[in-house]
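K.L.:
sequence-free structure coming up:
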């Protein structure tokens, strides 16, 4: 029996070690390559120990203007995150607390927008934006991202508001507080962790988004995920610059979402699984 | 004849309506609903309309003649469209299948009591957070025929590596590997959440009755996890039909047209060949397939409940 337990433990540790290698190796390999010289990055046999250099970052972000794309990415994703979390929490609160006629239909309608395949939405968006002159503007991208993240924000925030004890805001209403004051002074502070988690997820979606940015932007308002394709040139692939850019796209978001870990299951399932 | 209320009276009534707490909900809801209507209803109606006309943006002189359902009829006989559907399922079925099995295995391992398991669980989820474009580029880099690290290891153990993305038989397997790396964590996460929500009693009862480990897993654990597994499957099926970013950077549809999956098919029709109406029609067919599959899943889900 004891022997069997030891075997089981060895198996568990070995399995977990394999999982960790499989998950982490590609990421570490990208980040390592970002700090290598061009020759080292593609050397066979691979170079494991080397003197790190910042040349790839300097080449990508300073010489090739990728810094501007970083600014675009930041502006677009922060603004759309703010807007969708703001609008989403208002609507989420309404759908959690107030007697709205046809509430379930409204909720299902909102959910169905999220299920819409982006490729079906993008063509009319493109034609409409062309007509309105919103192609290649940050505003255009902010509007699109806000709209497409809003269903998620509404559903998730509604779930968080449902967990705030009803008695608290009912008591405040009876004491003569206006609904708006109840919302900003009582409900929002109690649902703050949920609000932060929602914001992190929405930020992640906008930061990583590719297809809308590819089709709705040219060069002025281009974001990083699309811009990184620019390092694949007809004269060859600039892997060093790509790895530097990829690290900058990937690392901060991965670090960031670790904070929202606890709410990840809920976020990914639209609140269907609450853990 | 009823008296038309004066403006001030109207304002007063509006004020009363707003201040009635039961109506405040509509005011909280209105901004989001307006935004959603603007970004969903208009494009939807517009898109349906365009798909019933023939709009080719490279040939504006043709105008936009009404063609009815002809674009949809053409899709049904379009060999390229069926090939793209087939390619999509050739990616989806093995990818989702392996993600499920690997995810189940990982979840069972990570459910055991091991030191610093919380940190390990957090690390395992990282691939889902990485931008799909970055995932695509990462694997394109690692799968390079001459200088990729994967082929280096394959050569080290004495095998002859494939050209991966450049070979029409290996391009889809390469994309499956990429998809499995990014999305196995979704299954792991959801199944783990399921495992941790299981009550203790049935297991203790089964142990007392002398059930074997396998019996316990097959007859108790697995059925109790089914709702979590179904949610994960549903999310993945919807997502894989929309797969675009990774394919776009890794193969761009090639070699030949082997990896032109349905989203890429619609994209190409609209933005490479400028057959906008046809592209939209294809996108609607994808939407229909997603809706049907989602419906099917929800039905199974309700029965399983």
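P.N.:
That came in fine, so what should we check first? Keep in mind that this is a model prediction, so the values were computed, not measured.

K.L.:
show me the contacts for the nearest residue to residue B:280 once chain neighbours are set aside.
P.N.:
Leaving aside its chain neighbours, residue B:280 sits nearest to residue B:51 (4.3 Å; criterion: Cβ to Cβ, 6 or more residues apart in numbering or on different chains). No exception for glycine: its C-beta is placed from N, CA and C like everyone else's. By Cβ atoms under 8 Å, 6 or more residues apart in numbering or on different chains, the residues touching residue B:51 are B:71, B:72, B:277, B:280, B:281, B:284.

K.L.:
Quick check: phi and psi on the residue in chain A that chain B sits nearest to?
P.N.:
When distances are taken as Cβ to the nearest Cβ, chain A reaches nearest to chain B at residue A:98, 2.4 Å away. Dihedral angles of residue A:98 (phi, psi; degrees, to the nearest 10) stand at phi -100, psi 150.

K.L.:
Could you do residue A:236 as well?
P.N.:
According to degrees, to the nearest 10, residue A:236 has phi 140, psi 170.

K.L.:
Which residues of the stretch 151-300 of chain B lie near chain A?
P.N.:
B:152, B:181, B:185-186, B:189-190, B:193, B:196-197, B:228, B:231, B:235, B:238, B:241-242, B:244-245, B:248-249, B:263, B:266-267, B:270-271, B:276, B:279-280, B:283-284, B:286-287, B:290-291, B:294 (Cβ under 8 Å from any Cβ of the partner chain).

K.L.:
do that again at 7 Å, thanks
P.N.:
B:152, B:181, B:186, B:189-190, B:193, B:197, B:228, B:231, B:235, B:238, B:241-242, B:244-245, B:249, B:263, B:266-267, B:270-271, B:276, B:279-280, B:283-284, B:286-287, B:290, B:294 (Cβ under 7 Å from any Cβ of the partner chain).

K.L.:
Mind checking which of those residues land in strands?
P.N.:
Using DSSP state E, no member of these falls within strands.

K.L.:
Would you confirm that residue A:247 contacts residue A:33?
P.N.:
No - the pair residue A:247 / residue A:33 is not scored as a contact, 8.8 Å apart, by Cβ atoms under 7 Å.

K.L.:
who's more crowded, the two?
P.N.:
residue A:33 (26 against 21; other Cβ atoms under 10 Å in any protein chain shown).

K.L.:
Assess the claim that the more buried one and residue A:39 are in contact.
P.N.:
No - with contact defined as Cβ under 7 Å, residue A:33 does not reach residue A:39; the gap is 11.7 Å.

K.L.:
Now do the helices in the stretch 201-305 of chain B.
P.N.:
B:201-208, B:213-216, B:222-240, B:245-250, B:262-271, B:276-304 (DSSP state H, counting those that start in this stretch).

K.L.:
helices or strands next to the third one in the packing?
P.N.:
Packed against helix B:222-240, as judged by 3 or more Cβ pairs under 7 Å, 6 or more residues apart in numbering or on different chains; DSSP states H and E, are the following elements: helix B:79-110, helix B:171-196, helix B:276-304.

K.L.:
I'd like to know which helix or strand in the chain has the lowest mean pLDDT.
P.N.:
Reading this off chain A. Least confident element among the helices and strands of chain A, by mean pLDDT, DSSP states H and E: helix A:264-268 (a mean of 75).

K.L.:
my bad, chain B
P.N.:
Going by mean pLDDT, DSSP H and E, chain B bottoms out at helix B:7-19, a mean of 63.

K.L.:
for chain B, what are the nearby residues on the stretch 101-250 of chain A?
P.N.:
A:110, A:113, A:115-121, A:123-125, A:128, A:146-147, A:150, A:154, A:173, A:179, A:204, A:208, A:210-211, A:215, A:225, A:228-229, A:239, A:242, A:246, A:249-250.

K.L.:
Let's see which of those residues end up in helices.
P.N.:
A:110, A:113, A:115, A:118-121, A:123-125, A:128, A:146-147, A:150, A:154, A:173, A:179, A:204, A:208, A:211, A:215, A:225, A:239, A:242, A:246, A:249-250 (DSSP state H).

K.L.:
Buried residues of the particular helix or strand that has residue A:201 in it, list them for me.
P.N.:
Applying DSSP states H and E as the criterion places residue A:201 in helix A:192-208. For helix A:192-208, a neighbour-count test (16 or more other Cβ atoms under 10 Å in any protein chain shown) marks A:194-195, A:197-208 as buried.

K.L.:
Packing partners of it?
P.N.:
By 3+ Cβ pairs under 7 Å, 6+ apart, helix A:192-208 packs against helix A:66-97, helix A:138-162, helix A:239-257.

K.L.:
and that helix, how far out from the chain's middle?
P.N.:
7 Å (Cα atoms, centre = their mean, to the nearest Å).

K.L.:
on that earlier part again, between the helices and strands packed on helix B:222-240, which gets the lowest average pLDDT?
P.N.:
Note on those: lowest mean pLDDT is at helix B:276-304, with a mean of 84.

K.L.:
Just name whatever secondary elements that one is in contact with.
P.N.:
helix A:118-132, helix B:42-51, helix B:70-77, helix B:222-240, helix B:262-271.

K.L.:
repeat that for 8 Å
P.N.:
helix A:103-115, helix A:118-132, helix B:42-51, helix B:70-77, helix B:222-240, helix B:262-271 (3 or more Cβ pairs under 8 Å, 6 or more residues apart in numbering or on different chains; DSSP states H and E).

K.L.:
what's the last one packed up against?
P.N.:
Under the contact criterion of 3+ Cβ pairs under 8 Å, 6+ apart, helix B:262-271 touches helix A:118-132, helix B:79-110, helix B:276-304.

K.L.:
coming back round to it: any idea which of the buried residues of helix A:192-208 is closest to residue A:89?
P.N.:
residue A:195 (6.4 Å; Cβ to Cβ).

K.L.:
dump the residue contacts of the closest one.
P.N.:
Contact partners of residue A:195, counting by Cβ under 8 Å, 6+ apart, are A:85, A:89, A:157, A:160, A:188.

K.L.:
swap the cut-off to 10 Å and go again
P.N.:
Contacts for residue A:195 (Cβ atoms under 10 Å, 6 or more residues apart in numbering or on different chains) come out as A:85, A:86, A:88, A:89, A:92, A:153, A:156, A:157, A:160, A:161, A:188, A:189.

K.L.:
Number of residues surrounding the closest residue to residue A:60 other than its chain neighbours?
P.N.:
Nearest residue to residue A:60, sequence neighbours excluded (Cβ to Cβ, 6+ apart): residue A:241, at 4.1 Å. Residue A:241 sits with 25 neighbouring residues when counted by other Cβ under 10 Å.
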